[in-house]
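K.L.:
the sequence isn't on hand, but the structure is:
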């Protein structure tokens with residue numbers, strides 16, 4: 001498929017007397033194909049926002065190549081800007097303006113037909129609150145208004161930085177549905193978020209950045225498969241037999257990575273049926289044998305060397321989808 005966004009070898013260096021030289025972007029690569037919802041992930045300070053700001057001409061790069069809709073940027077930004085909608089960093093609005101006033105001002109500046117204002121208000125669920133002043137809005141409502149402003153031009157490429165910031169679970173679900181509907185209509189969406197469970201649910205592909213470099217990219221299922229540890233959870237009929245089971249499996253060369261009160265965790269198991277056979281030879285009968293797949297959160301934490309959040313599981317059953325529990329702290333809107 002054609003690439004809507006291409007970045008090759010992007011570099012950006014900051015220098016200061018106190019901190020010296022810091023490579024915010026160190027040869028970063030990224031490719032987003034048309035009609036996809038693409039997740040752009042990275043821990044704080046990884047270079048994510050610098051990439052987006054550089055792409056939109058807000059920061060001058062020190063090296064590398066960037067292209068949007070097949071045209072080199074920043075040189076071609078005047079030609080492609082009308083096809084880009086973006087939210088980057090914190091939203092800023094005139095507090096005494098209503099949502100309709102805000103969008104009318106932006107529509108006038110961008111030669112957007114007036115009927116489009118009602119369309120985007122309907123899309124983001126603000127139609128019934130459009131006459132209220134922005135200063136009365138919650139953080140989640142301001143995020144909805146930010147997304148509406150980015151959609152005004154009906155862009156071919158939509159870049160959203162933390163669009164779910166401040167939304168309740170129902171609002172997050174609505175935003176997820178909106179993103180999928182936009183992609184199905186032919187729009188390409190680049191979505192940056194710390195809610196990794198949502199990214200796993202909504203995105204077709206991902207790019208993960210750490211310390212200014214790409215550490216993973218591709219379709220979500222392929223990224224998960226490449227970084228799966230082949231973990232297996234096994235239970236036997238009597239929990240008191242678990243030490244015997246662990247010893248038998250270890251002797252057979254299977255790595256036992258965790259011993260819990262009611263089950264064992266194994267890794268590097270190519271054929272789970274081998275576990276059943278080995279334990280049956282010891283007179284131990286398996287009551288559960290479940291292959292455990294890495295979820296996007298565990299892959300992200302491993303690749304970016306980020307400590308896990310206490311109390312959160314790093315892996316889930318293949319049949320289970322994990323919802324995000326961490327609330328992001330940034331968001332915003334741009335042209």
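P.N.:
In hand now; what should we look at? A quick note: this is a predicted structure, and the numbers were derived from the prediction, not measured.

K.L.:
quick one: mean pLDDT for stretch 139-154?
P.N.:
The average pLDDT within stretch 139-154 is 91.

K.L.:
how about it: buried residues?
P.N.:
Residues of stretch 139-154 classed as buried by neighbour count (16 or more other CB atoms under 10 Å): 140-154. Quick note: C-beta positions are derived from backbone N, CA and C, even for glycine.

K.L.:
residue 233: which of the residues you listed is nearest?
P.N.:
Set against residue 233, the nearest of the buried residues of stretch 139-154 by CB to CB is residue 140 (37.4 Å).

K.L.:
verify the stated contact: the closest one with residue 166.
P.N.:
Yes - here residue 140 reaches residue 166: they are 3.8 Å apart, a contact under CB atoms under 8 Å.

K.L.:
before we move on, the earlier item: tell me which of the buried residues of stretch 139-154 fall in helices.
P.N.:
Judged by DSSP state H, the subset of the buried residues of stretch 139-154 located in helices is 140-151.

K.L.:
of those, which is the nearest to residue 303?
P.N.:
Closest to residue 303, out of all of those and judged by CB to CB, is residue 143, at 27.6 Å.

K.L.:
let me see the contact set for the closest one.
P.N.:
91, 162-167, 331 (CB atoms under 8 Å, 6 or more residues apart in numbering).

K.L.:
highest neighbour count among the residues you listed?
P.N.:
With neighbours taken as other CB atoms under 10 Å, the top of the contacts of residue 143 is residue 163, carrying 31 neighbours.

K.L.:
and it, which of the three is it?
P.N.:
With DSSP: H, G, I helix; E, B strand; the rest coil as the basis, the three-state label of residue 163 is coil.

K.L.:
burial count for residue 120?
P.N.:
Neighbours of residue 120 using other CB under 10 Å come to 25.

K.L.:
hmm, I was thinking of residue 247
P.N.:
Counted with other CB under 10 Å, the neighbours of residue 247 add up to 12.

K.L.:
if I look at residue 149, how far off is residue 123?
P.N.:
12 Å (CB to CB, to the nearest Å).

K.L.:
got it, and residue 99?
P.N.:
13 Å.

K.L.:
what is in contact with these two at once?
P.N.:
Joint contacts of residue 99 and residue 123 (CB under 8 Å, 6+ apart) are residue 148.

K.L.:
ok, the two, which is more surrounded?
P.N.:
Legend: neighbour count by other CB under 10 Å for residue 99 and residue 123, higher for residue 99 (27 against 17).

K.L.:
wouldn't that one be in contact with residue 147 here?
P.N.:
No - the criterion here is CB under 8 Å, and residue 99 misses it with residue 147 at 11.6 Å.

K.L.:
please enumerate the helices of the stretch 1-150 of the chain.
P.N.:
Using DSSP state H, counting those that start in this stretch, the helices assigned to the stretch 1-150 of the chain run over residues 48-55, 77-80, 99-109, 115-123, 139-151.

K.L.:
now those helices in a markdown table, with distance to residue 175?
P.N.:
As requested, the helices of the stretch 1-150 of the chain are exported to a markdown table (distance: least, CB to CB, whole Å):
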| stretch | distance to residue 175 |
| --- | --- |
| helix 48-55 | 18 |
| helix 77-80 | 25 |
| helix 99-109 | 17 |
| helix 115-123 | 10 |
| helix 139-151 | 7 |
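
K.L.:
out of those, flag the one nearest residue 244.
P.N.:
Comparing those against residue 244 with CB to CB, the closest turns out to be helix 48-55 (48.7 Å).

K.L.:
other SSEs contacting the closest one?
P.N.:
Of the remaining helices and strands, those touching helix 48-55 by 3 or more CB pairs under 8 Å, 6 or more residues apart in numbering; DSSP states H and E are strand 3-16, strand 20-33, strand 37-41, strand 63-68, strand 157-161.

K.L.:
out of the ones you listed, which comes closest to residue 256?
P.N.:
Of these, nearest to residue 256 by CB to CB is strand 37-41, at 31.4 Å.

K.L.:
find the residue closest to residue 65 in space, skipping its chain neighbours.
P.N.:
If the residues on either side of it in the chain are set aside, residue 65 comes closest to residue 8, at 4.5 Å by CB to CB, 6 or more residues apart in numbering.

K.L.:
and for the one you found, the neighbour number?
P.N.:
By the criterion of other CB under 10 Å, residue 8 has 13 neighbours.

K.L.:
and it, what's its pLDDT?
P.N.:
So residue 8 comes in at 96 (pLDDT).

K.L.:
what's the answer for the one 5 residues further on, then?
P.N.:
Residue 13 is assigned a pLDDT of 92 by the prediction.

K.L.:
contacting residues for it?
P.N.:
Contact analysis of residue 13 by CB under 8 Å, 6+ apart lists 21-24, 62.

K.L.:
check contacts around residue 145.
P.N.:
Counting by CB under 8 Å, 6+ apart, residue 145 has contacts 91, 93, 99, 102-103, 124, 126, 134, 137, 333.

K.L.:
out of those residues, who's nearest residue 171?
P.N.:
residue 124 (9.7 Å).

K.L.:
for residue 232, see how far away that closest one is.
P.N.:
From residue 124 over to residue 232 the distance is 44 Å, taken as CB to CB.
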